[in-house]
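Undergrad: sequence first, predicted coordinates after that:
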Amino acid sequence: MPKLVMNILDRLERFITFATAVMMIILSALICWQVFSRYVLNASPFWIEEISVISLMWIGLLGAAACVWTESHMSLELVVSRLPETVRIWLRAATDIVIGVFAFFLCERGIFLVQRTMGGTLSSLPLAVGYTYLVLPIAGGLMIVFAAIRAIAGVTRFYAGRGGRRNG
């Protein structure tokens with residue numbers, strides 16, 4: 001894989017991680033304010049709960065996409081590390097392919113859901129419901145790209161490092 005593509009995807013992952021961290025900080029402040037205002041002021045803002053649920057969905061899915069690129073998703077590394085190197089490379093590529101297939105489903109069904117819910121509005125905010133689900137195709141698309149490039153780069157790097165030999 002060209003170094004430029006890898007650098008761009010590294011920067012994209014760092015941006016996603018930064019954005020989700022900022023969302024978590026804002027979400028924490030909002031929830032603290034909601035608890036304070038509910039129990040101390042007896043007047044809780046009605047819109048914070050809906051924003052919280054939407055934010056958690058965005059944080060979780062964008063964070064999952066970033067984890068695909070950094071390979072910090074859940075895996076059985078204890079088992080995989082004991083396998084022969086060739087099997088490890090192909091197992092990691094297969095894992096990335098499975099993630100990509102799941103992400104394709106997430107993206108495709110997410111587009112469908114966004115289209116179907118764009119006509120309605122949220123109960124407490126003047127925002128189309130479809131915007132809340134927009135994270136599904138975004139995160140799915142990112143996961144597809146990240147998983148495909150990881151699978152291809154891992155296998156090509158392995159065989160390029162061995163001088164093109166298949167057996168060793």
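TA: Done, it's in.

Undergrad: contacting residues around the residue nearest the centre of the chain?
TA: Closest residue to the average C-alpha location of the chain: Ala65 at 2.0 Å, with CA atoms, centre = their mean. For Ala65, the contact set (CB atoms under 8 Å, 6 or more residues apart in numbering) comprises Ile16, Ala139, Leu142, Met143, Phe146. The way it works is simple: take the backbone N, C-alpha and C, and place the C-beta from them, glycine included.

Undergrad: ok now the lowest-mean-pLDDT helix or strand in the chain, how far from the chain's centre?
TA: Lowest by mean pLDDT, DSSP states H and E among the helices and strands of the chain is helix 77-80, with a mean of 73. The chain centre lies 23 Å from the centre of helix 77-80; the measure is CA atoms, centre = their mean, to the nearest Å.

Undergrad: what's the answer for stretch 98-111, then?
TA: 11 Å.

Undergrad: other residues contacting it?
TA: Counting by CB under 8 Å, 6+ apart, 68, 73, 133-144, 147-148, 151 sit against stretch 98-111.

Undergrad: tell me which residues of the strand or helix carrying the residue nearest to the centre of the chain come out buried.
TA: In this structure, Ala65 is located in helix 48-70 according to DSSP states H and E. Neighbour-count burial for helix 48-70 flags 48, 51, 54-55, 58-59, 61-69 (criterion: 16 or more other CB atoms under 10 Å).
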